[in-house]
Each structure stands twice: as structure tokens, then as C-alpha cells.
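Colleague: Predicted structure and sequence below. I'll ask about it afterward.
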There are 2 protein chains.
Amino acid sequence: MSDVIPSQPTFELITLGDELLLGLTANGHLTYVGGQLRRHGATLTRNVTITDNADAIAAQFRESWARAQVVITTGGLGPTCDDRTREVVAAVLGQELVFDPEIEKAIRDRFRTFNRPMTENNLKQAYRFADGEIIPNANGTAPGLWYAEGDRVLIMLPGPPNELQPMITDQVLPRLAKLGLLEEGESYVQLRTAGIGESALETLLQPVFDRHAPDLEVAFCAHQGQCDCRLSAVNDGLNHAELEKIAAECAGLLGEDFMCFGHDGLAKVCADMLRKADRMLAVAETATGGILASSFTDLAGATKFFAGGAVCYSNQSKMQLLEVPEEILMQHGAVSAENAVAMAAGAAEKLGADYGLAITGFAGPCGGNSENPVGTMFLALYSPQGVWSKRLRYPGPRPTVKRRAVNAALDWLRRELMKVKNQPEIPARSIGLDDW
Amino acid sequence: MSDVIPSQPTFELITLGDELLLGLTANGHLTYVGGQLRRHGATLTRNVTITDNADAIAAQFRESWARAQVVITTGGLGPTCDDRTREVVAAVLGQELVFDPEIEKAIRDRFRTFNRPMTENNLKQAYRFADGEIIPNANGTAPGLWYAEGDRVLIMLPGPPNELQPMITDQVLPRLAKLGLLEEGESYVQLRTAGIGESALETLLQPVFDRHAPDLEVAFCAHQGQCDCRLSAVNDGLNHAELEKIAAECAGLLGEDFMCFGHDGLAKVCADMLRKADRMLAVAETATGGILASSFTDLAGATKFFAGGAVCYSNQSKMQLLEVPEEILMQHGAVSAENAVAMAAGAAEKLGADYGLAITGFAGPCGGNSENPVGTMFLALYSPQGVWSKRLRYPGPRPTVKRRAVNAALDWLRRELMKVKNQPEIPARSIGLDDW
């Protein structure tokens, strides 16, 4: 990957919390903040995770504040005694902490809304820097703090992700964009592809890139059977509309391997196509054990396109839930094209869905045989046009095999759904739906 | 949480990789390394994530090496041109990089085993520090590097988790223990509890803790309906056997709220009990959409106790997969005790399992009604003794509601399985099993 261009503003993220260093909680703030800055054309230069210890916070903040143009801290703004970031940072900045009655009112209102009594220690959260401002928090009691000194900006945010994330997107990013520290919209155009390797992708698109060579920067990111391609302008040589035009040309060249522009995942792309075509999907899986189903149920409003799924570990479950004939299991085994087909068709037919998607295989580390070693996965797809099966084999540890198989199945469904446009005559099946 | 005791050796982790700062990959190394050190009585003092840029690596390594007793780096040891950690760190240390024919042999052997041609850039990985050693890598081509200077230790590890993790547990931790920098075994005894709040837990156990007050340190960690309690010795006042005795006394006082010693999750605890009792489980879920099933299928050897599950989004799927009577859905709705009971019984009976566990509810953000608002979840448990339902309500965002409901269901099953010991007369049902 390319080195950071030194003329860009530097961003440092200080993530506070013993639970991160003790390995009790993953550092999701790094992933979130890093990703959001990237989308808006800025690069996180450094992330430091330290303990809640006051001396450690002071030393690290002093160092980052001397070095970076924008410092973001997360955590340690809450009501309890180990929440000391506000006080420690105020001391380093030489800023007085002043009590702000408006923050107090917001805290009291919040407790009233939830019908809970407010303990006095919550008022600790009503202090802000004398020369600073607050960043209102719609989902918690501790507001964020904003402080600027010269051309440097300090942003302090509370730790809970459901509080921090909307504060970043709704307040912090627009404000930083106004200051010219990042771009208001997305700084690049991303093409997502599936089913094509990174080198084949590059080879296919290189002639397009070459035509815009001095003004266009291209970055690839491959992950589990997918590959993203980000196009951005160098030195203001191309505007966003021009980037979009280049991306559209690439998409045209890619054909079915083109998945979407932006950030949607495979399940979301399939879901949108199912919804648009008014079609329902059912799934059936063995070794992937619920990951295929949950990739759809994680999407809001899944009842509109997702009928349900079966996780069939035992042979009896395949026979009972999906009416897989016992003969198929006896003759071909559970890890076979025949069983995959029976599962896909069984799921679609039992659940009255238009499409059925099935995965069965040996994810490892145990299982497998000489004919179908560990990593062998059979996929099957049932559609109004028929039912097919595919055999695939993935190297790697169990979670990788599972993820790759799910992505391959989703990509197959996506390609099948692309054909729907050309077959409008097939009526959608109607089925009863719940509304969550 | 308690502040770091300054007399302990300091550990710093430098995680390298633009993909971490760009938000493309989560920093799992922090969670893993931090957790492993904690288990062995050491505390990670700081984690810094920086870009692959050579100047940034050099500056950060110089700083950490001057400050910490043990520095661990991850990433940047591979064969390509953006893997430059080895070279940059050698320059800072003033160490020559020497070609090691034994590493070359291991790399060539690895390519031979996988029948792949070796490109010449792979030989970059055959260099080590002149005064250093290597940490063999069983799952990849890049060995780790070990370097000691005075009482300081530098450990450099490759980035892929399946390479790094066994290198830590099998080689790095035992070696650091030999140097007296951490403990060989686990430094504390952990009790895991479920279904009891942190404050109730503390109140119940405080009399025990008080009796060992000067020698015993207690730490609590609450997460999604569970609470862990870690007991450790202060100033060598208690040995490990004494800690275990105290923990056993606490477990006795906790009764059914005691889940296990150590680190197992709820699903693993249930799985072990099912296996021991030779009983099978089936699950059925709506809003949790496959999380309940995958909490079991994530465990190796799940076919021995897990028959399968149904993810029933549509009413038709409940009727077709689990034979939930249409009258129940019409009269009581899908989010009802009656439907939960029908799903649990249907799953167990259809799949020939001894136990059936079901979850249905409104996980939000949409759905819900005045009687059963968003966050309402009905659980049901079918066992050889009968079938019951429970209504619960959780505040919070959709992923929290789902996780809490799954944990509550697992804990209920766990409590039910504890009764099995007293009822040995019920014969296990036999069903056909696949072997993955």
C-alpha cells in the first residue's frame, strides 16, 4: 500500500480502556474511525491504546497533541471514578473545566425519559473545557467534547459504539469537512467485485486506468472471494463526476463480476435484488451452521425477502425439515451434490420460496474423506428455472472455509438474480409474512 | 479497573498494517496478545498501530524499545516489497541481517509440501538479526524473530492470525515465563457466572473475599447477562491451589448461578453437559436469525450433540419446518409464548432431539406492538420433563437484544441440564448422525 502523503493533515486516535489491553473487548473504534476517515479522503496516521491510568493518559495525550493536527480520544468520559480522561486532558491543555447547565439539563431529561433516578456522580459529565464546545450525544448521558487551538482540533468521544458512531457521522465528519480537514462527500468511488481475482481484475481494467494515469489513483483490496477497487483523484486532476464515469466504464467491462458501487455486502446486494423482483429466498446449510441464514437476517426488514432457513446437522434433520430422501443420504452421503440439490429444493419448496440456496461440506478440521477432503463444499441453487449444484474446495482454517463457501453461494445467487430482469413473466409466489 | 503496578515488566505491542488504520481489518492481535498476557499475569501496557511507512515504523520502534521491557511487533515480515519491518528494525537496532540457510530450507520445504513453485522474493524471509534467533512458524513461510539486549526482549511475529497465535502460545509465552517476565500457568482463577448481576455477585461473595483480604485481588467483568470474577494473589500471599480452594467455595455459594471455571462460553458449557449425558439438542429461532444455531455449530464436533435448527422468518416456515399449528399463529401471533412453545417442541420432535430451545421476538428497530414492544423476546425450552416458556424484555440496539436473548436461552438450557444428573432413568433418544 502507498505511504502516507506528508502534506495531508495527520489524525491520531487514542483509544482508552483497560478492557482493550486485557483482551476483553475488541478495538472496534479503530476500525470504525479509520474507515470513516478513509471514506472522506483522510488517513488515520496512528492509533494508540493505553490503560485508564491517569499518568499514561496524560503522557500519551501530550505526545499526540504535539504531533498530530487532529486528535480523537474515545472512552473515559462516563460518570464513575475510573472515567478520568476529561480531567487529565484539561490539566494537560491548561483548560479550566466549567459546569454547563445545558449539559446538566440534557442528562436530567435523559434519566426522566427512561424513568430512572439520576445519581449525583452523573453530573461529572456536565463539565466542559472553558474554551471548548460540546458534541451532543443522542444515545447516552456523556456528551463529546470539541476543542480547537490554532489549527489543531481535539475531539473527545464516549466509548459505547452506539453513542460514538452517530456522533462521528452526524457531527464530527461534517465539522471537520467545514474546516477543510477532510472531504465532505466520499473522496473516492469504490467498485466492488466478486468472483474475479485481484490480478485478473487489474489486468482487465489497466487500459482504462492508463488513459487517466497521472490523475487517477487506484487501490485494490481482496477479501474472501471478493475484491474492491477504489478510484480516487490525484492533485485535483479529476472531479467526482469524472471518477464516477470511469467507474461506470470499469463496471461495464466487468460484466457480471461487477457487484456494486459503494460499500454493500453480497447479502445486501442479493436482498435488494430479491426485494425489487418481489421474490422470496430460503436457505439450508450444514457445515456453515447458520452463517448463511444470519447474513440475511442481519439486514433490517429481512421478512420482506427471506422466508427462513434450516441448519441441518443430523441426517434426520435433513429428512425431517427438508424432506431430503433417505436414499440420497445413504447412497451419496451428506456431503454430495445430490444432497445439496435436495436441500436447496427442499428449503424452497417447504418454505414456499422462489429461490433456495444450500451449502453442505466438510469445513474441517476433522471429517472429510479421500474423495471429498476437508475444505470440500457443495453448493446448490434452486430457482424458478431449475436447480444446480457446484463443488468447490477451499484451503485454510475452518472459519475461512465457512466464510468463503457462504460468499461463493451468495455470489452465485447474485448472478442468478441478475437474470430476473430478462424474465418478467414468472409470477412471484405469495406467502404469509410476519412483520419484524 | 486498577492502575498498572509499576514494578511489573512493561509490554508494548506494535501492530503494523495500513489495513488496520484504513478500517479494513479489525485489530485482532491486540485482543489476542492482550488476553494471553493477562492469563499469564502480565499486562499489556500499550498498543500502537501505525502505517507500513518505513519512517513511521522506525520512529515508533525506537520509542517503544526505549520505554518497554518487552516489545512485540506484528506484521510486515512477508515476501513483498511493502514488508519492511525486519529491515527497518535491524537498522534501528544496529543489527546486521544475516542469511540463515536453515530458514531457507524450511521455506523451500513448505513450498514443496504444497506443490507450489517458490518465487525468489520469498528468500527475503530467510534473514535474521546477527545476534538474534528465529521463532519457527508451523503455518507459514515467515519465521518470527527473537532478539534480546540486556533485560529487554524484542519479539517480531508475522501478521496472519493462524500463524501468529500458535507461535505465541507454544513458543513465546513459555520462553517469557522462563525469563520470569510472566507466569508459566494461569496467574488467576476465573469463575464464570450467568444470570446474576455484578453487584449481587459481589455482595454474595464479599464475606469470602474479606477473609483473604490482604492477599486476594478480585476483578469483575460483566458482559451481556454474564459476569466473570477473577481471583488473583497479591504479593505471593496465596498459591494457586489456595486460589482454587477459594474459587470452589465461591462456586458453592453461587449454586446454579455458577457456570464454570476458566474461559468456556455458555454454548460450550451446555455442549459438554449434553455430550456427557448423551443427549441431543435442536433449536428454532426467528429474530435471532441463526445466532443460536451457530453458537453450537462453531464448536468442533457439534454433530455429537446438535441435531440442527430452523430459522423461521415467515409463518409458513414455522408451519412447514416445525409444524407450528396455524391456529396458534393466527390467535396469538408469532411473538407469543404459545408460538415459542410450539417451535421448541416442533424442533425437538421433528429432529428427534431430547431438548428443544426456541427464541421468537421483536429485536427491533421496527416491529413490536403495545402488548409486546420492541425488545420483547419469548424463549421456550422443551425437555424430557416438559415444555415451558419465558417472556423477557431487553433495552438496547438490535445486536444487543439478539445477543442477550441468545445468552438467556443458553443459560436456561444450562440450568435445565444440571438436573440431568438426578434423573438417570430417562433413556437418550438415538438418531442418525453425519460425521463432520
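Modeller: Nice, thanks for sending it over.
Colleague: hang on, residue A:317 packs against residue B:281?
Modeller: No - counting by Cβ atoms under 8 Å, no contact exists between residue A:317 and residue B:281, whose distance comes to 11.3 Å. No exception for glycine: its C-beta is placed from N, CA and C like everyone else's.
Colleague: who's more crowded, those two?
Modeller: The residue with the greater number of neighbours, taking residue A:317 and residue B:281 and applying other Cβ atoms under 10 Å in any protein chain shown, is residue A:317; the counts read 30 against 26.
Colleague: buried residues in stretch A:167-174?
Modeller: Going by neighbour count (16 or more other Cβ atoms under 10 Å in any protein chain shown), the buried part of stretch A:167-174 is A:167-168, A:171-173.
Colleague: Only alpha carbons, please: show it as CSV.
Modeller: Coordinates of the C-alpha atoms in stretch A:167-174 are reproduced here as CSV (Å, rounded to 0.1, in the frame of the first residue of the first chain):
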residue,chain,number,x,y,z
MET,A,167,-21.7,11.4,16.8
ILE,A,168,-18.9,10.8,14.2
THR,A,169,-21.1,10.6,11.1
ASP,A,170,-23.6,13.3,12.0
GLN,A,171,-21.4,15.8,13.8
VAL,A,172,-17.7,15.2,13.7
LEU,A,173,-17.2,14.5,10.0
PRO,A,174,-19.3,17.4,8.7
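Colleague: where does residue A:115 land on pLDDT?
Modeller: Among the per-residue scores, residue A:115 holds a pLDDT of 76.
Colleague: give me the element it is part of.
Modeller: For residue A:115, there is no helix or strand it lies in under DSSP states H and E.
Colleague: count of residues packed around it?
Modeller: For residue A:115, the neighbour count with other Cβ under 10 Å is 6.
Colleague: which regions of the stretch 301-436 of chain A lie under the pLDDT threshold?
Modeller: For the stretch 301-436 of chain A, the stretches with pLDDT under 70 are A:421-436.
Colleague: Give me every residue in it that's in contact range of chain B.
Modeller: Residues of the stretch 301-436 of chain A that fall close to chain B, judged by Cβ under 8 Å from any Cβ of the partner chain: A:301-303, A:306-318, A:320-321, A:333-335, A:350-352, A:361-363, A:365-368, A:396-398, A:431-436.
Colleague: for the stretch 151-300 of chain A, same thing?
Modeller: Taking Cβ under 8 Å from any Cβ as the test, the list of the stretch 151-300 of chain A residues beside chain B reads A:162, A:221, A:223, A:280, A:282-283, A:286-294, A:296-298, A:300.
Colleague: Restricted to helices, list the buried residues of stretch A:167-174.
Modeller: Taking DSSP state H, the ones among those that sit in helices are A:167, A:173.
Colleague: Widest-spaced pair of the buried residues of stretch A:167-174?
Modeller: Taking every pair in the buried residues of stretch A:167-174 and measuring Cβ to Cβ, the maximum separation is 9.7 Å, between A:167 and A:173.
Colleague: Pull up the overlap in contacts between residue A:317 and residue B:281.
Modeller: Overlap of the contact sets of residue A:317 and residue B:281 (by Cβ atoms under 8 Å, 6 or more residues apart in numbering or on different chains) consists of residue B:307.
Colleague: give me every residue that touches the nearest residue to residue A:16 once chain neighbours are set aside.
Modeller: Residue nearest to residue A:16 in three dimensions, not counting chain neighbours: residue A:75, with 3.9 Å by Cβ to Cβ, 6 or more residues apart in numbering or on different chains. For residue A:75, the contact set (Cβ under 8 Å, 6+ apart) comprises A:15-17, A:52, A:85, A:158-159.
Colleague: Need the three-state assignment for residue A:23.
Modeller: coil (DSSP: H, G, I helix; E, B strand; the rest coil).
Colleague: Identify the residues contacting stretch A:389-396?
Modeller: Outside stretch A:389-396, the residues within contact range by Cβ under 8 Å, 6+ apart are A:337-338, A:340-341, A:344, A:373, A:375-381, A:400-401, A:404-405, A:408, A:412, B:162.
Colleague: Mind listing what's buried along it?
Modeller: Neighbour counts using 16+ other Cβ under 10 Å place A:389, A:392, A:394, A:396 of stretch A:389-396 among the buried residues.
Colleague: Could you single out the nearest of these to residue A:138?
Modeller: Minimum distance to residue A:138 across the buried residues of stretch A:389-396 is 41.6 Å, recorded for residue A:396 (Cβ to Cβ).
Colleague: From residue B:299, how far out is the closest one?
Modeller: When distance is defined by Cβ to Cβ, to the nearest Å, residue A:396 is 19 Å away from residue B:299.
Colleague: what's the answer for residue A:197, then?
Modeller: 33 Å.
Colleague: Any idea what the residue nearest to residue A:171 when sequence neighbours are not counted is bridged to?
Modeller: With sequence-adjacent residues excluded and distances taken as Cβ to Cβ, 6+ apart, residue A:171 is closest to residue A:135, at 5.3 Å. Beta-bridge pairing for residue A:135 (DSSP bridges): residue A:144.
Colleague: OK, contacts around residue A:135?
Modeller: Applying Cβ under 8 Å, 6+ apart to residue A:135 gives the contacts A:143-146, A:155, A:157, A:167, A:171-172.
Colleague: just residue A:175 next, same as before
Modeller: residue A:146.
Colleague: related to what we said a few turns ago, and residue A:197 and residue B:299? Which one has more around it.
Modeller: Using other Cβ under 10 Å as the criterion, residue A:197 and residue B:299 rank with residue B:299 on top: 20 against 13.
Colleague: Assess the claim that that one and residue B:270 are in contact.
Modeller: No - the criterion here is Cβ under 8 Å, and residue B:299 misses it with residue B:270 at 9.6 Å.
Colleague: Residue A:164 belongs to a helix?
Modeller: Yes - with the criterion set as three-state DSSP, the secondary structure at residue A:164 is a helix.
Colleague: Tell me the spacing between it and residue A:337.
Modeller: For residue A:164, the distance to residue A:337 under the criterion Cβ to Cβ works out to 47 Å.
Colleague: in stretch A:82-98, what's buried?
Modeller: By neighbour count with 16+ other Cβ under 10 Å, stretch A:82-98 contains the buried residues A:83-86, A:88-90, A:93, A:95, A:97.
Colleague: first to last residue in that stretch, what's the distance?
Modeller: Its first and final residues considered, stretch A:82-98 spans 20 Å by Cα to Cα, to the nearest Å.
Colleague: ok, and what's touching that stretch?
Modeller: Counting contacts by Cβ under 8 Å, 6+ apart, the residues touching stretch A:82-98 from outside are A:16, A:52, A:54, A:57-58, A:61-62, A:65, A:73, A:75-77, A:124, A:127-132, A:145, A:147, A:149, A:154, A:156, B:1.
Colleague: mind listing the helices for the stretch 51-200 of chain A?
Modeller: Counting by DSSP state H, counting those that start in this stretch, the stretch 51-200 of chain A forms helices over residues A:54-67, A:85-93, A:101-113, A:161-167, A:173-178, A:198-211, given from the N-terminal end onward.
Colleague: Alpha carbons of the strand or helix carrying residue A:377, in CSV - could you do that?
Modeller: Counting by DSSP H and E, the secondary-structure element that holds residue A:377 is strand A:376-383. The C-alpha trace of strand A:376-383 is given here as CSV (Å, rounded to 0.1, in the frame of the first residue of the first chain):
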residue,chain,number,x,y,z
THR,A,376,-14.8,-29.6,0.1
MET,A,377,-18.1,-27.7,-0.1
PHE,A,378,-21.1,-28.4,-2.3
LEU,A,379,-23.4,-25.5,-3.1
ALA,A,380,-26.8,-25.8,-4.7
LEU,A,381,-29.1,-23.2,-6.1
TYR,A,382,-32.8,-23.7,-6.8
SER,A,383,-34.6,-21.1,-8.9
